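1. Pasting the sequence and the predicted coordinates here, then a few questions.
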Amino acid sequence: MSYNVVKEKLDKGKIIILDGGMGAELEKSGAKMHKDLWCGKCSVDTPDLVQKVHEDYILAGADVITTNTYGTTPISLKQYGFGNCVLEYNQKSVQIAKKAVENINKDVAIAGSVSTFGSFYRLGTKAMIPGFVEHLKILSEEGVDLIILEAMSSQADIVETIIECSQKTNLPVWLSISCVMNAKNDKVMLGYSDSIDTDTHIYESLDVAIKNFSKLHKGPILIAHSDINVTGEAVITAKKNFQGILGAYPNRGYFEKPNWKFIDNITPNDYLEYAKSWLKSGAQIIGGCCGLGVEEIKEIAALKKQNND
């Protein structure tokens, strides 16, 4: 699916289905998670399994699939001793996604995933720019249809810099941001709660962040990689402060290190009910992040058919 088709549907108020998480589905299939790169190495170690996950999502009804490049940022690869593999790992991931689309022969768009995996946010704005530019260049030259900036939860100035870097690709850009609830005032904040290091990072109020991001970014904004119980309020807050397309693809659970074992905390049916509420609040793009898999995407695709018909 060319991005023009996706945009046309969104402009008409139609629902677009994003795929679900890659890591948990690979784990189910027996793929080995790398202790530092998570599922990032799977595109080279077990490419057939990665392709199978993409194909399963396409058959489940996804309109957009995401490359397995969340964990293969240049900084993470260099940080963990794979600095000479940046080009290979990222090219391979795009090629696998393209092969899956070709094999199923269905009109689906491919989103190139760019994240802050590898502690970008700790480096500061200036130091992280070369890594982002390198990642974006590889994905765009390899032929993705759009860029999805994933789990952006750092200080607003870093996110704004990332947005500016991504715009130089001349590809459509989706901005996904992570949110947490500030227990002190019950306000949705830009930030993330990481069960891996049992730490919560809070930066600024979501309403202020959205207003600032929208000055630079006119594409869709998605609430992602966030606790499912925070996502609904975050969508409502975003709707009040952003006139563009909104989406949601939160976590269903969390991963435990060192083996990246996924822990569920809600049922698929519960997720469907949450998804219905996000649609009512104004979201048009629905998918899943950590733990949301093929079965959930099937259910959401059926919901899409009911709403789009």
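-> That came in fine, so what should we check first?
2. Who does the residue sitting nearest the centre point of the chain form a beta bridge with?
-> The chain has residue 150 as the residue nearest its centroid, 4.3 Å off, counting by C-alpha atoms, centre = their mean. Taking DSSP bridges as the rule, residue 150 bridges to residue 115.
3. any idea how far residue 249 is from it?
-> Using C-beta to C-beta, to the nearest Å, residue 150 is found at 9 Å from residue 249. Backbone N, C-alpha and C define where each C-beta goes, glycine included.
4. quick revisit: residues in contact with the residue nearest to the centre of the chain?
-> 66, 70, 113, 114, 115, 176, 224, 225 (C-beta atoms under 8 Å, 6 or more residues apart in numbering).
5. Low-confidence stretches in this structure?
-> Along the chain, the parts satisfying pLDDT under 70 run over 1, 119-122, 153-155, 193-202, 252-266, 309.
6. Quick one: the helices in it, in order.
-> 3-11, 23-28, 42-45, 47-60, 74-79, 86-104, 125-142, 156-167, 206-216, 228-241, 268-280, 294-308 (DSSP state H).
7. Distance from stretch 160-180 to the middle of the chain?
-> Put simply, stretch 160-180 sits 12 Å off its chain's centre (C-alpha atoms, centre = their mean, to the nearest Å).
8. Mind listing what's buried along it?
-> 160-163, 165-167, 169, 171-180 (16 or more other C-beta atoms under 10 Å).
9. ditto for stretch 13-20
-> 15, 16, 17, 18, 19, 20.
10. Among the residues you listed, name the ones in strands.
-> Among the buried residues of stretch 13-20, the members found in strands (DSSP state E) are 16, 17.
11. closest to residue 28 among the buried residues of stretch 13-20?
-> Using C-beta to C-beta, residue 20 comes nearest to residue 28 of the buried residues of stretch 13-20, at 11.5 Å.
12. So for that closest one, what's the nearest residue that isn't a sequence neighbour?
-> Take residue 20 and drop its neighbours on the chain: the residue closest to it by C-beta to C-beta, 6 or more residues apart in numbering is residue 288, 3.6 Å away.
13. Look up how far residue 110 lies from that neighbour.
-> Taking C-beta to C-beta, one finds residue 288 at 17 Å from residue 110.
14. isn't residue 10 right up against residue 283?
-> No: the criterion here is C-beta atoms under 8 Å, and residue 10 misses it with residue 283 at 11.2 Å.
15. More neighbours: those two, which one.
-> Shown here are residue 10 and residue 283; by other C-beta atoms under 10 Å, residue 283 has more neighbours (25 against 19).
16. does the more buried one really touch residue 246, like I thought?
-> Yes: contact criterion C-beta under 8 Å: residue 283 and residue 246 qualify, at 4.9 Å.
17. Output stretch 9-28 as CSV, restricted to C-alpha atoms.
-> Output of stretch 9-28 as CSV, limited to C-alpha atoms (Å, rounded to 0.1, in the frame of the first residue of the first chain):
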residue,chain,number,x,y,z
LYS,A,9,-8.2,6.7,4.1
LEU,A,10,-7.1,8.7,7.1
ASP,A,11,-8.3,12.0,5.5
LYS,A,12,-11.7,10.4,4.9
GLY,A,13,-11.9,9.5,8.6
LYS,A,14,-11.3,5.8,8.1
ILE,A,15,-9.5,3.6,10.6
ILE,A,16,-6.0,2.3,9.8
ILE,A,17,-4.6,-0.8,11.5
LEU,A,18,-1.0,-0.8,12.6
ASP,A,19,0.6,-4.1,13.3
GLY,A,20,1.4,-5.4,16.9
GLY,A,21,4.6,-6.0,18.7
MET,A,22,7.4,-7.9,17.2
GLY,A,23,9.4,-9.1,20.2
ALA,A,24,6.7,-11.1,22.0
GLU,A,25,5.6,-12.8,18.7
LEU,A,26,9.1,-13.8,18.0
GLU,A,27,9.5,-15.1,21.5
LYS,A,28,6.4,-17.3,21.0
